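Asker: What follows is a predicted protein model with its sequence.
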Amino acid sequence: MWMRLPRHPNIVPFDRVVIDELNGSVVGFNSIFIPGGSLEENKSRTFKLKWLHQLIEVVDELNLVYGISHQDIAPRNLLVDEATDSIMLFDFNFAARINNPPDEGKAYDEARNDVKGVLFTTFEITTQNDSIWSMLHKDQNNDDLGLEWAKHPDVTLDHPVKSYQNLLQEWQKRRAELFYQEKDARSIDWPPMPK
């Protein structure tokens, strides 16, 4: 799925498939190396509001234009490209087509939706509280995060916590009214899976 996506400044580019030369089977793939590391690895890095904007934009494009849900948005899957000062999403192992026919490939799980993933990830980065991830996805609830987020003393943000929360609240309201429509000219034409 990842390899079919057009290049995007906020998605780590797929590079190539690795083939076993002896038997011709696929053994893996390569991506472009991003030297900035993940948000999980470098918790002392300032988390910028513009990165949250970028994450929201790439998730909207994946979900609403291409009909793909990443289903594993978390600090470990967000890299920082220091050369462009931008955030990059990677690890599409759990990705699924939102309107996927039940008998074709990995199923979309609403409990793993990307809006919730962005919200919980921002909460974790801001508070350094990752307890929400210990629950089953179906049991996770946005209300569990509370109205006031206490920024962890070791966390550096470039705007007040409330700016991050307000952006997320506005986005959640907007997304509640938007759904993937297979009519966008940029939509990917997915061939049926072989039986």
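Answerer: Great, that's in hand.

Asker: Is the closest residue in space to K138 that isn't next to it in sequence in a helix, a strand, or coil?
Answerer: In this structure, K138 finds its nearest non-sequential neighbour in A111, 4.3 Å apart by CB to CB, 6 or more residues apart in numbering. For the C-beta atoms, the positions are set from N, CA and C on the backbone; glycine is no exception. State at A111, reduced to three classes by DSSP: H, G, I helix; E, B strand; the rest coil: helix.

Asker: Now do the same for A111: its pLDDT.
Answerer: pLDDT for A111: 80.

Asker: I'd guessed it sits against Q140; true?
Answerer: Yes - with contact defined as CB atoms under 8 Å, A111 and Q140 form a contacting pair (7.3 Å).

Asker: which of these two has more neighbours?
Answerer: Higher neighbour count among A111 and Q140: Q140, with 18 against 11, using other CB atoms under 10 Å.

Asker: Just want the most central residue of the protein.
Answerer: The centroid of the chain falls nearest to I73 when counting by CA atoms, centre = their mean (3.8 Å).

Asker: List the residues that contact the residue nearest to that residue when sequence neighbours are not counted.
Answerer: In space, and not counting its chain neighbours, I73 is closest to G117: 3.2 Å by CB to CB, 6+ apart. Applying CB atoms under 8 Å, 6 or more residues apart in numbering, we find G117 in contact with 59, 70-74.

Asker: Cheers, nothing more for now.
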